[in-house]
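*Asks:* okay, structure incoming, though there's no sequence with it:
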């Protein structure tokens, strides 16, 4: 009876299982086991990007240097050896990426041969670096991340906006421009009063004559096209500008990547429904492309009207404006200003996500400025310039 209680199968099997577990646990590895070298003659089977960088050439010198900025949402075409093309947009870092792999056949670059990359600028932009199209042979290279490499790497491509001075005047007005070189030339005025003329960086004088009276504006053309506020058509001496000048870039409101509603008192003005954020906090390319100084940008919250106002009169000198999102290309910005309860100014500006225009407002002695968009898309705003009194 006692021997029957000790089933022989149990006595044999249990120790065998325990021995196997013990052997697995006891197995030790050395450096060669844990730090194995690749067999470099074999295919890796992975993928990598072949890329090109597009940047905003802020100083327009044709060189990617300090101060230049990446430019998202620019179309780049990849030309394949078989004649097909594939288009990709540049990302927030300014790179257009095309995936490359010998073994993963559903990617953009899979066969060795001659490829081209061509940057297609947005309307109103030009290449400054002279290298919109670049070519290279691609060859198989087993063991590299995508098992293929480019024989020649790409160089950054710089873009800059075509500089213009534009605006609207009364029908029948005459307009002339005096550039930084001192040369004066007349500009064509369309039947609807619209005018636009090419410009170069520097200080310009704009003279508008109508009904025997002449108005003169002095403006500075920088890194973006300039849109002038509407001329009143009234002659007479201009008001003297207020003495204390301010330019806010919204960079000193926060240091994180979040959003921050601009509080009243910032810069000596009161603010409503205007928000500041880091330019890359969202995926909107227009926020990156509109930023002119620092890393932060402002916008009208949720695309609804925003205001800057003060009990004391201030001069709104101007600001850079762009569309925050590429889906809002061509959105219309509406600016209205009041002196107390009396309307004083109103203008409209067409916005782009590719880059800003500088709206030269020259709004004098106002107490309230409204910033809104016709279709409730967000307008990106940078370097808001105004003047206050003592």
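*Replies:* The structure has been received and is ready for your questions. These numbers were taken from a predicted model, which means no experiment stands behind them.
*Asks:* can you give me the strands in the stretch 251-390 of the chain?
*Replies:* 259-261, 270-272, 274-278, 296-300, 306-323, 332-339, 342-350, 357-373, 379-388 (DSSP state E, counting those that start in this stretch).
*Asks:* ok, the nearest residue to residue 276 once chain neighbours are set aside - contacts?
*Replies:* Nearest residue to residue 276, sequence neighbours excluded (C-beta to C-beta, 6 or more residues apart in numbering): residue 250, at 4.1 Å. C-betas here are computed from N, CA, C, even on glycine. Residue 250 sits next to 262, 276, 294, 296, 297, 298, 381, 382, 384 when contact means C-beta atoms under 8 Å, 6 or more residues apart in numbering.
*Asks:* widest-spaced pair of these?
*Replies:* 262 and 294 (14.6 Å; C-beta to C-beta).
*Asks:* before we move on, back to that, and of the strands of the stretch 251-390 of the chain, who's closest to residue 289?
*Replies:* strand 306-323 (6.1 Å).
*Asks:* run the chain-centre distance for the closest one.
*Replies:* Put simply, strand 306-323 sits 22 Å off its chain's centre (C-alpha atoms, centre = their mean, to the nearest Å).
*Asks:* show me what that strand is packed up against.
*Replies:* The helices and strands touching strand 306-323, judged by 3 or more C-beta pairs under 8 Å, 6 or more residues apart in numbering; DSSP states H and E, are strand 270-272, strand 274-278, helix 285-290, strand 332-339, strand 357-373, strand 379-388.
*Asks:* all the strands of the stretch 51-200 of the chain, residue numbers only.
*Replies:* Shown for the stretch 51-200 of the chain, the strands assigned by DSSP E, counting those that start in this stretch span residues 69-70, 75-79, 85-89, 95-100, 113-120, 125-127, 133-140, 148-150, 157-161, 164-168, 174-178, 184-187, 194-198.
*Asks:* okay, now the sheet partners of the shortest one, with direction.
*Replies:* Same thing as strand 69-70. strand 48-56 (antiparallel) (DSSP bridges).
*Asks:* from the rest of the structure, what touches the partner strand?
*Replies:* With C-beta under 8 Å, 6+ apart, strand 48-56 has contacts from 64, 68-71, 74, 76, 90, 93-101, 109, 115, 117, 119, 134, 138, 144-146, 150, 154, 156-160, 289, 355.
*Asks:* ok so, going back, mind putting the contacts of residue 250 in a markdown table, neighbour count included?
*Replies:* A markdown table is the format used below for the contacts of residue 250 (neighbours: other C-beta atoms under 10 Å):
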| residue | neighbour count |
| --- | --- |
| 262 | 23 |
| 276 | 24 |
| 294 | 14 |
| 296 | 22 |
| 297 | 32 |
| 298 | 28 |
| 381 | 26 |
| 382 | 26 |
| 384 | 25 |
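*Asks:* okay, domains of this structure per the record?
*Replies:* 48-159, 164-388 (automatic domain parsing).
*Asks:* could you tell me the least trusted of the ones you listed?
*Replies:* Lowest mean pLDDT of the domains of the chain: domain 164-388, a mean of 94.
*Asks:* start to end distance for that domain?
*Replies:* 29 Å (C-alpha to C-alpha, to the nearest Å).
*Asks:* check stretch 37-45 too.
*Replies:* Stretch 37-45 end-to-end distance (C-alpha to C-alpha) = 16 Å.
*Asks:* pLDDT on that stretch, on average?
*Replies:* On average, stretch 37-45 scores 86.
*Asks:* list of residues touching stretch 181-191?
*Replies:* 169, 171, 173, 174, 175, 176, 177, 178, 179, 195, 196, 197.
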